[in-house]
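Enquirer: The sequence isn't on hand, but the structure is:
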């Protein structure tokens, strides 16, 4: 069963009407309603992810083969944005686990380095873009420069407001150059974020994941939601729309993001390139010890 087309419609942002407060972080839009799913949704989505993973692996191989053997220019980037504890790392593990790491570029964007700060804010993003034939996954992205930068007053309002148009032009350029963008916001609730922070404090094996500054950021929840809402309204054109995935339920989050990526890659109509040699002649040579 593949509800990806309807799922894209359900999760795609309408920039004219989007309100994060109206989207249920525990919702499960597009999840099949059969008895098996209702009985054990976590088990069902785990099994579904195996099938989705196999399909994604095949498409990734086709993408790579087209670039390597036929000079194809297509490439794909999955952009993941979320509040702290939103599940970006977990989503990457779940979605990318079946794919060949040699054909992937996974990049986590932290605070910019001194060198990065000496360049235009999009410079480090350009450096991280995958080459033709590759699947890139961005854990955070250029949108941090209109999110955290805005919330913490790191640049004047005039500067970050001007970045919306720069981002839109940048993404238009990428799409025109053969790159497919899949932009996903993992939407968690304030309550769920608190539970995940508490879990890190309760488990010594998760202390390394805890940052005391996360509580300071949690105090700016409303400001971040306002910043995200403006991003969704301002930077969601038809060629690079945003999808908001309810992320309180990890099993749904993983299933939904895998489906969104699969739909995007399926739309590229990827095929294995034809051989540049005669397979039968090569088999004959092999039989004769060539």
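Expert: Perfect, I can see it now. All figures in this text were calculated on a predicted structure; none of them were measured in a lab. Numbers count the residues shown, from 1 in each chain.

Enquirer: Okay, now the unreliable bits of this structure?
Expert: 1-5, 35, 290 (pLDDT under 70).

Enquirer: would you list every one of the helices in it?
Expert: Remark: helices assigned in the chain by DSSP state H are 4-11, 35-39, 41-70, 88-96, 114-117, 123-128, 148-151, 157-176, 190-202, 213-218, 221-234, 250-266, 279-287.

Enquirer: Switch the ones you listed over to JSON lines; also include mean neighbour count.
Expert: Glycine gets a C-beta too; all of them are placed from N, C-alpha and C. Listed next are those as JSON lines, based on neighbours: other C-beta atoms under 10 Å:
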{"stretch": "helix 4-11", "mean neighbour count": "17"}
{"stretch": "helix 35-39", "mean neighbour count": "11"}
{"stretch": "helix 41-70", "mean neighbour count": "17"}
{"stretch": "helix 88-96", "mean neighbour count": "19"}
{"stretch": "helix 114-117", "mean neighbour count": "10"}
{"stretch": "helix 123-128", "mean neighbour count": "16"}
{"stretch": "helix 148-151", "mean neighbour count": "18"}
{"stretch": "helix 157-176", "mean neighbour count": "15"}
{"stretch": "helix 190-202", "mean neighbour count": "14"}
{"stretch": "helix 213-218", "mean neighbour count": "14"}
{"stretch": "helix 221-234", "mean neighbour count": "17"}
{"stretch": "helix 250-266", "mean neighbour count": "22"}
{"stretch": "helix 279-287", "mean neighbour count": "10"}
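
Enquirer: The ones you listed: which one's closest to residue 244?
Expert: helix 4-11 (6.1 Å; C-beta to C-beta).

Enquirer: what does that closest one contact?
Expert: Helix 4-11 is contacted by residues 29-30, 243-245, 256, 259-260, 262-263, 266 when judged by C-beta atoms under 8 Å, 6 or more residues apart in numbering.

Enquirer: Would you check which pair of those residues lies furthest apart?
Expert: In the contacts of helix 4-11, two members sit farther apart than any others by C-beta to C-beta. They are 244 and 266, at 21.1 Å.

Enquirer: Show me the one of the helices of the chain that comes nearest residue 184.
Expert: Taking C-beta to C-beta, helix 250-266 is the member of these nearest to residue 184, at 5.8 Å.

Enquirer: Figure out how far that closest one is from the centre of its chain.
Expert: The chain centroid and the centroid of helix 250-266 are separated by 9 Å under C-alpha atoms, centre = their mean, to the nearest Å.

Enquirer: repeat for stretch 280-288
Expert: Distance, centroid of stretch 280-288 to centroid of chain: 45 Å (C-alpha atoms, centre = their mean).

Enquirer: Just name the closest of the contacts of helix 4-11 to residue 100, please.
Expert: residue 262 (16.0 Å).

Enquirer: mind listing what the closest one touches?
Expert: Residues near residue 262 by C-beta under 8 Å, 6+ apart: 4, 52, 55-56, 59.

Enquirer: cool, and residue 36?
Expert: Contact analysis of residue 36 by C-beta under 8 Å, 6+ apart lists residue 44.

Enquirer: Please apply the same query to the one 3 residues further on.
Expert: Residue 39 makes no contacts at all, as judged by C-beta under 8 Å, 6+ apart.

Enquirer: Look up how far residue 201 lies from it.
Expert: 34 Å (C-beta to C-beta, to the nearest Å).

Enquirer: just residue 279 next, same as before
Expert: Taking C-beta to C-beta as the measure, residue 279 falls 60 Å from residue 201.

Enquirer: same deal with residue 12?
Expert: For residue 12 relative to residue 201 (C-beta to C-beta), the value is 36 Å.

Enquirer: Residue 103 now?
Expert: According to C-beta to C-beta, residue 103 and residue 201 sit 38 Å apart.

Enquirer: what do you get for residue 154?
Expert: Noted for residue 154: a distance of 28 Å to residue 201, by C-beta to C-beta.
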